[in-house]
Structure formats: C-alpha cells, structure tokens
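Q: Okay, sequence plus prediction incoming.
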There are 2 protein chains.
Amino acid sequence: MRPTVHDIAAVAGVSLATVDRVLNQRPGVRLVTREKVEAAIREIGYIRDVAAANLAKGRVYPLVFIVPTGDNSFMHGLRFEVHQATLRASIERTDIRIVEVPAFDVPALVAALDALQGQDIAGVALVATDAPEVRAAVDRLVSERIPVVTLVSDLSDSNRHHYAGIDNIAAGRTAARLLGRFLGGREGEITVLAGSMLVRDHRERLQGFSAVMAAEFPKLRLLPVLEGRDASERTRSLVSKALSENTEIIGIYNLGAGNRGLIAALKAVRPERGLTVVVHELTQHTRAALIDGTIDAVLNQDAGHEVRSAIRVMKATADGQAVIADQERIRLDIFLKDNLP
Amino acid sequence: MRPTVHDIAAVAGVSLATVDRVLNQRPGVRLVTREKVEAAIREIGYIRDVAAANLAKGRVYPLVFIVPTGDNSFMHGLRFEVHQATLRASIERTDIRIVEVPAFDVPALVAALDALQGQDIAGVALVATDAPEVRAAVDRLVSERIPVVTLVSDLSDSNRHHYAGIDNIAAGRTAARLLGRFLGGREGEITVLAGSMLVRDHRERLQGFSAVMAAEFPKLRLLPVLEGRDASERTRSLVSKALSENTEIIGIYNLGAGNRGLIAALKAVRPERGLTVVVHELTQHTRAALIDGTIDAVLNQDAGHEVRSAIRVMKATADGQAVIADQERIRLDIFLKDNLP
DNA sequence: CGATTTCTGATGTACGTAAATCAAAAATTT
DNA sequence: AAATTTTTGATTTACGTACATCAGAAATCG
C-alpha cells in the first residue's frame, strides 16, 4: 500500500496535525521538527493523493481565457475548445470564464488583463498580441501571483509562466522544407501570406521559413509578404492579384488564417499552373482542399490540446506544483492528404 | 455545486442506500423505484465523482503488458514507456506487470496470453503478432470479460476491445507521398525494407505505400520487399547489396526497425548518389541521420502516448465506461530535420 | 388473513486528506 | 522561577462515494 499522512506521522514521531502543517506550509512548526517530517516524507516516499486532497479541499480553480474575436476558423475552433472545457468544468473542478477581445487590439487586451487584478483567479490564459503594454499588464498579474499562460502566440520577455503553443520558428522552417522539396529543384518565386506581423507566431513562422529558404533553396525567391489580416476576402483578392500579375509564382505559404479566400483564389486559376501550396490550420476548408489537391500540405496545431494543456499548467502552477515540460509540449502536426484524421 | 448522491436521493424521494443500490447495480430494488432514481439522475445531471469513488473503493487495476523482446530501439522505447507507467502506478492506482515474449513467436505469445486466464486482471495490452492462434487466445480472454487492447500492431478479426496504435495504411500512404513528392518527378526504383510480413502493421504500411506509389507516382518502380527482421546487421547487408547491384535505386522506405543498419549502409555510399530516404521511428540514430541529411523524413508513433492511452482504455473498459475515441486516436508524427522535438 | 419473501430506510464506517479547535507541552523571555 | 510565547498533540468534522448491517415496510404467497 502506498504511504499516507499517518505513516509520515508515525515515522517522524510527530502528530498528524504537525504533518499537516508541514505538508500545507502552515506556520507554527519549528525548523527541526519540519526537517524531521520532511526526512520521513522522503524516507517512505510519500506522495500526496491529489484526488483525496482535492476532495477534502473542495477546491475549484477559477480560470479566465482571453481569446480574440474574429470569424476565422482557427479562432472559432479555439473558442469551441475552451467551451468544451467548460463542459468538463465540474469534473475538473474548474470554473472557466471566456473573455473576448478584438484581434490585434492592444489597448483592449491590456484592459481585459487589468480588469482581472485583485480578483480571485487561479489562472489566466491569453492569446497574446506581442506588445510592450501587454507584457507589462501580464507582468502585473504575475506579480500578484496569478498564473499566466500564453496560448497559441507567445509574449516576448514577459514573466508569463508558460507558453501553450507550437514552436513557430520550427513550423516556418518545416513549411519551407516541405515547399522546397515538393518543388523538387524548380526555379521560381514564392508568395508568403500572413495575418499580421504584430503577432509573434506569424513573425516567427516567417523567420523560420525565410531562413531555410535562403539557406537551402536558393532557386526559390521570396516575394514581399502579403498581409491578409486573417480575413478571407482580403486574402482572396491579394492572392488573385499576385497570381495574375506574376507568372513566376510556383509556391505559396500561408502562415496565417484566411484560407477560405486563398483556396477560392487558387481554384480560380487553372490547375495546369502547378502551384505547390502549404498552409496552416486544418479546417473543413483546408481539409477539402488537401483532398482535392488544391493544397499540398497543412501544418496544424491542435487547439484542443493547447487548451487542455493550458488548463493543466494553470492548475499545477496555482498549486505550486512543477509541470512536466515534455508532457506539455504542443506538437506540430503535418497533414498530407493521406494522413488526415 | 455539482450534484451528489444526496441530491439524487432527495429528488427521487428515496434513501441514500437505494440510490447506492441503483448506481452500483446491486440487487434488491424494484423496477419502479429504480426508474424513479434513474429519472432523478438524469434530471439533475448527476455525474459520479470518480476520484471520490476510487478513494472509497480503494480500487487498483492489475494490468499486464505483453511486449516483444528484441534490441531494436522502438521496442526498447516501448518497454521503457511501460516501465515509466509503473512509476506512476500508485498515483494511477494501477499495478502493471510486464511480460516479455520473443518477437514474432506465435506459440510463446499464445502461451503468455493463456497463462492469464482465471487471474484477477483488469486488462491486458499486447503487441500482437497477427495469427489465428493469437486471435483465438485473445478471444478467450475477452470471453472471460478481461479487457484486451492491442498495442502498436493490431489483430485481425478479433474481439479485442481497442487498438492503441497508428493507422498503418495511412502511414504507408504518407510515406509514399513524401518520397514521391521529394523525388520531384524523377524516374527510378524504390527499395522497401520491412521487418516481417507476419505483423499486421508492416503489412499495412506496405499496402498503403504500394497503393499510392502505383496510383500517383508511376515513374517510380517498387523493388521486391527486403525483410530485415528488424535486425540492424541483416538490414545493413541487404541494403548494401541492393545499392551496389542496382544503380537505379533513388529512394528507400524502411517501414520496419533496423534503422541503425540502414543508416550505416547509406553512409557507406557516396552522398552524390542523392538517395531520398523515409523511415519509421524516431530514435537517437534516426534523429542524427535526419539532422545530417542521411534521412529525409521520419514517421513516428509516440510510444509513450500509446502506452498511456492503452492504460486509460483498459481502466475505462474495466469500469464499463465508454472511451472517447477521438481522444485515444494515436497520431502519426512526421519529422523533418526542422521540427524535431 | 397471517406468514413469508422482497424491498427500502437508517445508520455507521471507511478511503486519504484538509482544516479547525483547544489543550498541553516546550521553548523563550523577563 | 514565573510569565509569556511558540510549538505540538489530540480530536473532530468534512469532502463524495462505497459498502455493510439491521430493522422496518411493502409486496407476494399460501
């Protein structure tokens, strides 16, 4: 049988109350006694039964998710996953509140963060816009001992406790290699589409993409980035214009959202053009386009995993427990038409 | 607050004892009363607090993992992950026993399975060799109401409750497309290496690979499969021989183990040969080969995920609970040199 | 109808931990 | 050494569920 608090008490030669004081860092224990108890804990290899502890505590974790509004499929999916998490709230002892903030709107995000100060909150998860004001607001929360986790897009130089998202530099590099290898030594130009260079995830993807392109595929020339603001219609017109004006384009990398528009623009050109296309985020549209050959590869981050990981990390941080970094690593999924889920 | 058994009792107008009898399917409840209770459960949306229930029950799950011996990295990793799971045993209330059986040895596997009959076991996970005798032995356990999960390699037409592994047909198809696209329209021959056609995962990978190759890359001709028995030295000599005898080979797909031997053989030929290579299983050897360019892509299944998933499924099945299929889907990881973890 | 069987209620203990109270002991100060 | 403060012990209740026991009620049988 696994050891219990009673065993600690017996081994340490102290009472249950003292063991409890040590375990829960309550005051009123002399240093020597504390050390005796801690030695006993190590000796018998005691591990707190978290289930029993939570039961006794009746603890709930009030969590806040700050997510951008916007009608693109990815953010829609993200909000859906947070909502799914609220359905598991009673089982997981969480109490999740969703706060929506306009995308790329720094003051709104800061206001939403500041509104949380002083509240009884066990953790905050936010899709960060990478600005100094946001960093400052996050740091204010952190200094109030509120666990903060960035979701999908990280925040530079902040004290956030954790980032629940993919390695976007690696994602960009991977996109470059897929595109470069799929083009098999051909020569031509590559169009890169982004949502906004204000968010760190897009900047990092571009950075990784450019680096590998420059280093390993010198025959492929990158055109200036088109910013589609993650909006489909804008993306469609940008792509249509680019394709009609420049016949040298043989590859496209969309590192942001707005795939619906991209796909529409692609379907409007003759398939003989032989474009190779790599995009981010698996949605019903990109899935269909992958199957019908309009798109060649989709890089994906699983929003459900990210949300669940963020919740685990916030809970663990709130309890002062360590997180197992390896377990919380969000992986980059690569989908070809053959391995769709 | 979430509803408890007391709430059920109050709403149904019965005692706690009766609620308990209904919840745990104990005898001695009239049909009408039972229905009253069940109606109340639905009405208030009661969900059993599994943590509290397990605490009260003091339940442990005796589980058995049957894994092949063999020194290849993947099986080594799999055994390691099962061992890791034993370290979490007390937390997860599992009691895991590992049984090792020679690889591809049908009678030994059957004997190991039959030895479990009549024992007090909450679940069995096995890396299946796909043979009728094994299927029969598995079905015997299933008919004894013991949950059985196949791990990594599935068992045809058996009554096993679940398969914790990747879709190997999809894996083979994906490998074909990667290899085909990376070769960018070149013409030549492709060598396929396998461990043994006795295991279903290898057969399925080959099936998927061949299908896509035939349908979409007609310029690439498949050579007869080389069976390396998942042994490195054998694989090395087979590959060396093939490469020296046939200068038309431009691509290699290793769908089994034995990558150490393959890599050694590849390093022995001049890099100018320009081979494109896709293999399975990320190990320290394949990782290094990916980084130095000897290998172009690695398909991987995360043994840790598979083991943890198998445990969750066995526990749920033992408790008569449904498994969330989507959550237990094991994904195929694709690694290029840019997205290594 | 009474006797028997079947069902239901009331109650208590247990699981491992948290948290509180109050008394007692030990250490520290005066 | 007495007074004070700090530390420790003993005990109790609670969390939500499981499980057992025994008495009493309701249903069924003869």
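A: All right, it came through fine.

Q: show me what contacts the nearest residue to residue A:168 once chain neighbours are set aside?
A: Closest residue to residue A:168 apart from its sequence neighbours, by C-beta to C-beta, 6 or more residues apart in numbering or on different chains: residue A:204 at 3.7 Å. Every C-beta, even on glycine, is put in place using the N, C-alpha and C of the backbone. Residues in contact with residue A:204 (C-beta atoms under 8 Å, 6 or more residues apart in numbering or on different chains) are A:168, A:169, A:171, A:172.

Q: In which helix or strand does the residue lying closest to the second one once chain neighbours are set aside reside?
A: Nearest residue to residue A:169 in three dimensions, chain neighbours excluded: residue A:208, at 3.9 Å (C-beta to C-beta, 6+ apart). Mapping residue A:208 onto the secondary structure by DSSP states H and E places it in helix A:200-216.

Q: Tell me if the helix or strand following that helix is near chain B.
A: Sequence-wise, the next helix or strand downstream of helix A:200-216 (DSSP H and E) is strand A:220-222. No. Counting by C-beta under 8 Å from any C-beta of the partner chain, chain B is not contacted by strand A:220-222; separation bottoms out at 12.9 Å.

Q: on contacts alone, who are the packing partners of the following helix or strand past strand A:220-222?
A: Next in sequence after strand A:220-222, counting helices and strands by DSSP H and E, comes strand A:226-227. Counting contacts by 3 or more C-beta pairs under 8 Å, 6 or more residues apart in numbering or on different chains; DSSP states H and E, strand A:226-227 packs against strand A:188-194, helix A:232-245.

Q: looking at the ones you listed, which is closest to chain B?
A: Chain B lies closest to strand A:188-194 among those, at 13.2 Å (C-beta to the nearest C-beta).

Q: quick one: that closest one to helix A:200-216, angle?
A: Angle, strand A:188-194 to helix A:200-216, by axes from the mean of the first three to the mean of the last three C-alpha atoms, to 10 degrees: 170 degrees.

Q: Without its sequence neighbours, what residue ends up closest to the residue in the stretch 201-341 of chain A that chain B sits nearest to?
A: In the stretch 201-341 of chain A, the residue that lies nearest chain B is residue A:338 (3.6 Å; C-beta to the nearest C-beta). Leaving out its chain neighbours, the residue that sits closest to residue A:338 by C-beta to C-beta, 6+ apart is residue B:173, at 3.6 Å.

Q: returning to what we had before: what's the closest of the helices and strands packed on strand A:226-227 to DNA strand C?
A: strand A:188-194 (47.5 Å; C-beta to the nearest atom of the strand).

Q: what's the domain layout of chain A?
A: Annotated domains of chain A cover A:5-48, A:58-165+A:303-330, A:168-300 [automatic domain parsing].

Q: So is the shortest one next to DNA strand D?
A: When you say that, I think you mean domain A:5-48. Yes. For domain A:5-48 and DNA strand D, the contact criterion (C-beta under 7 Å from any atom of the strand) is met by A:13-18, A:21, A:27-30, A:32-34.

Q: For the stretch 1-150 of chain A, what lies in contact range of chain B?
A: So the stretch 1-150 of chain A meets chain B at A:2, A:47, A:49, A:50, A:51, A:52, A:54, A:55, A:90, A:91 (C-beta under 8 Å from any C-beta).

Q: from these, which is closest to residue B:318?
A: Checking the residues of the stretch 1-150 of chain A next to chain B against residue B:318 with C-beta to C-beta, the nearest one is residue A:51 at 17.7 Å.

Q: Can you check the pLDDT for residue A:70?
A: Residue A:70 is assigned a pLDDT of 76 by the prediction.

Q: Could you tell me whether it really is in a helix?
A: No. Residue A:70 sits outside any helix when classified using DSSP: H, G, I helix; E, B strand; the rest coil, being coil.

Q: I'd like to know how many residues surround it.
A: Using other C-beta atoms under 10 Å in any protein chain shown, the number of residues around residue A:70 comes to 20.

Q: helix/strand/coil for the residue nearest to residue A:120 when sequence neighbours are not counted?
A: Of all residues beyond its chain neighbours, the one nearest residue A:120 is residue A:62 (6.2 Å), with distances taken as C-beta to C-beta, 6+ apart. At residue A:62, secondary structure determined by three-state DSSP is strand.

Q: Share the number of residues neighbouring residue A:62, please.
A: Neighbours of residue A:62 (other C-beta under 10 Å): 14.

Q: Bridge partners for it, pull those for me.
A: residue A:95 (DSSP bridges).

Q: quick revisit: neighbour-wise, which of the contacts of residue A:204 leads?
A: That'd be residue A:172 among these, by other C-beta under 10 Å, with 29 neighbours.

Q: so that one makes contact with residue A:208?
A: Yes. Between residue A:172 and residue A:208 there is a contact under C-beta atoms under 8 Å: 2.8 Å.
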